[in-house]
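In: task: produce atomic coordinates for the following.
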Amino acid sequence: MNKNIVSLLFSLCFFLSSYSQELEEGQYAINYDTTYIQDYRQRLSLSALFEFQNYFIAVFREGQEFLQFTSNLPKPTYGINGSYKWLNFAVSLAIPKMSIANTNFEESEGISIAFRPTLRRFYFSTFYEEYKGYRLINPDLVNNVTDQIEYPGLKTQTFFNSIYYGVNHDRFSYRNLIFQNEQQTKSAGSVLIGLSGGFKWINTPSDKPIIPDTSDTPNGLVGIEYFNIGINVGYAYTFVLHERFNASLMFVPGIQYLDGIYKFQDGTQNDVSTRLGLNAETRFQVGYNSRNFFGGISLTSYVLSNWINEVAPVGSLHNYIRLNLGYHFHLKPIKALKPFGLSN
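Out: The predicted structure follows:
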């Protein structure tokens, strides 16, 4: 009997010891299914970042093939990606002689800023991107020449926001998919429901219209500006491949209310005639995650478009290929940050 009591007490002490090691100092109270998610949010997750960005514009014309414009951004950019508690951040910059654009064409200029605070149920994202300098991939559709046509003054600006609610938030880790400060330990997925919207500006100098006018009194399209807001419904799933390795897929399309204008060479403007637009966010990632080291490669795309039966429907595609390798650093709680939810 005494031996049984001693064994029971020993087992209980061992269990409590293991549990206390699992819940490190500063870790959040468990509000998820621990058989599906391992939490590293109490650690400062920092990784080296290598990013390849590209931006495409497609201008659709009734009864004709669409025109394709592409940026010529230097690649890759180098930076750092970080997560701590709900706060997530990333910065990457082109480094001279290490980030190289296509030398056959004029180099694009650009800036990209993003902020993505993430809670257990809700995932918020906002970004601003500004790029200048494009080339037309298929100029033979405009003037029957085979050389690329450069548009150094063509400038695009995008301000876009989204907030998603994860239906299966207690078993599916959105943080594993985006930031890797959690680990998906068992395959799971979730429906994502939310809102999105923002502003889009596309402008070019009047002597270089986006769509040239071949009539007797040329008056080509030189600008498109619009505001959009709408609803998104999609799905994300993470496959646990083998212990620390996983692969994730996400697709979240949306339909938007839209209002904006077209601008022409002679200074006139036309209102957008329809009030519907489309967007979609997609992501694919293969990653490794453990208590200490993590890393992965991902492809993220944002598609924004006004409606297909417009005078000049325009779609834009933002592409990011990202490679990262990092470490989860253990930190003691930072009490000064407790009012901001960054310490507990």
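
In: which residues of the stretch 51-200 of the chain score low on pLDDT?
Out: Counting by pLDDT under 70, the stretch 51-200 of the chain shows low-confidence ranges at 62-63, 143-148.

In: all strands in it, in order from the N-terminus.
Out: For the stretch 51-200 of the chain, the strands defined by DSSP state E, counting those that start in this stretch cover 64-71, 77-84, 87-93, 109-115, 122-136, 149-166, 182-184, 188-203.

In: look up how far Lys85 lies from the most centrally placed residue in the chain.
Out: In the chain, the centroid-proximal residue (Cα atoms, centre = their mean) is Thr300; its distance is 5.5 Å. Distance, Thr300 to Lys85, using Cβ to Cβ, to the nearest Å: 23 Å. Backbone N, C-alpha and C define where each C-beta goes, glycine included.

In: and what of Ser290?
Out: Distance, Ser290 to Lys85, using Cβ to Cβ: 20 Å.

In: can you check Thr77 too?
Out: For Thr77 relative to Lys85 (Cβ to Cβ), the value is 26 Å.

In: re earlier: now the residue nearest to the centre of the chain: how far from Tyr237?
Out: Distance of Thr300 to Tyr237, computed by Cβ to Cβ: 16 Å.

In: distance check, Phe293 against Leu141.
Out: 49 Å.

In: quick one: which helix or strand includes Arg41?
Out: Using DSSP states H and E, Arg41 sits in no helix or strand.

In: the residue nearest to Ile261 when sequence neighbours are not counted: neighbouring residues, count only.
Out: Counting by Cβ to Cβ, 6 or more residues apart in numbering, Gln269 is the residue found nearest to Ile261 once chain neighbours are left out, at 4.8 Å. If you count neighbours by other Cβ atoms under 10 Å, Gln269 ends up with 11.

In: for the residue nearest to Asn181 when sequence neighbours are not counted, what are its contacts?
Out: Excluding the flanking residues, the one nearest Asn181 by Cβ to Cβ, 6+ apart is Ser83, at 3.9 Å. Contact analysis of Ser83 by Cβ atoms under 8 Å, 6 or more residues apart in numbering lists 41, 44-45, 89, 175, 179-181.

In: got it, and Leu46?
Out: By Cβ under 8 Å, 6+ apart, the contact set of Leu46 is 80-82, 326-327, 329.

In: now do Phe52
Out: Applying Cβ under 8 Å, 6+ apart, the residues near Phe52 are 75-77, 320-322.

In: what pairs with it across the strands?
Out: Counting by DSSP bridges, Phe52 is bridged to Ile321.

In: that one and Ala336, how far apart?
Out: 38 Å.

In: and Gly230, what helix or strand is that in?
Out: Assigned by DSSP H and E, Gly230 falls in strand 221-242.

In: can you redo the contacts of Leu46 as TSV with neighbour count?
Out: Listed next are the contacts of Leu46 as TSV, based on neighbours: other Cβ atoms under 10 Å:
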residue	neighbour count
Ile80	14
Asn81	21
Gly82	19
Gly326	23
Tyr327	15
Phe329	12
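
In: related to what we said a few turns ago, what separation do you get for the residue nearest to the centre of the chain and Phe293?
Out: 22 Å.

In: same question, Lys85
Out: Noted for Lys85: a distance of 20 Å to Phe293, by Cβ to Cβ.

In: which of those two has more neighbours?
Out: Lys85 (23 against 13).

In: test my guess that the more buried one contacts Gln42.
Out: Yes. Between Lys85 and Gln42 there is a contact under Cβ atoms under 8 Å: 7.5 Å.

In: hang on, the earlier thing: verify the stated contact: the residue nearest to the centre of the chain with Arg283.
Out: Yes. With contact defined as Cβ under 8 Å, Thr300 reaches Arg283; the gap is 4.8 Å.

In: which residues are common contacts for these two?
Out: By Cβ under 8 Å, 6+ apart, no residue touches both Thr300 and Arg283.

In: ok, the closest residue in space to Leu119 that isn't next to it in sequence - how many residues close by?
Out: Spatially, and ignoring its direct neighbours in sequence, Leu119 is nearest to Trp86 (6.0 Å; Cβ to Cβ, 6+ apart). By other Cβ under 10 Å, 18 other residues sit near Trp86.

In: and Trp86, how far is that from Gly166?
Out: Taken as Cβ to Cβ, the span from Trp86 to Gly166 is 14 Å.

In: ok, now Gly295?
Out: Per Cβ to Cβ, Gly295 is found 24 Å from Gly166.

In: higher neighbour count, the two?
Out: Neighbour tally, Gly295 and Gly166, criterion other Cβ under 10 Å: the higher count belongs to Gly166, 23 against 17.

In: for the more buried one, which residues are in contact?
Out: By Cβ under 8 Å, 6+ apart, the neighbours of Gly166 are 121-123, 172, 174, 190-192.

In: circling back: name the nearest of the contacts of Leu46 relative to Arg61.
Out: Arg61 lies nearest to Asn81 out of those, by Cβ to Cβ, at 39.9 Å.

In: right, and that closest one touches Ala90 too?
Out: Yes. Counting by Cβ under 8 Å, Asn81 does reach Ala90; the two are 4.4 Å apart.

In: quick check: neighbours shared by these two?
Out: When contacts are counted by Cβ under 8 Å, 6+ apart, Asn81 and Ala90 are jointly contacted by Leu49.

In: show me what contacts the residue nearest to Ile261?
Out: 261-263.
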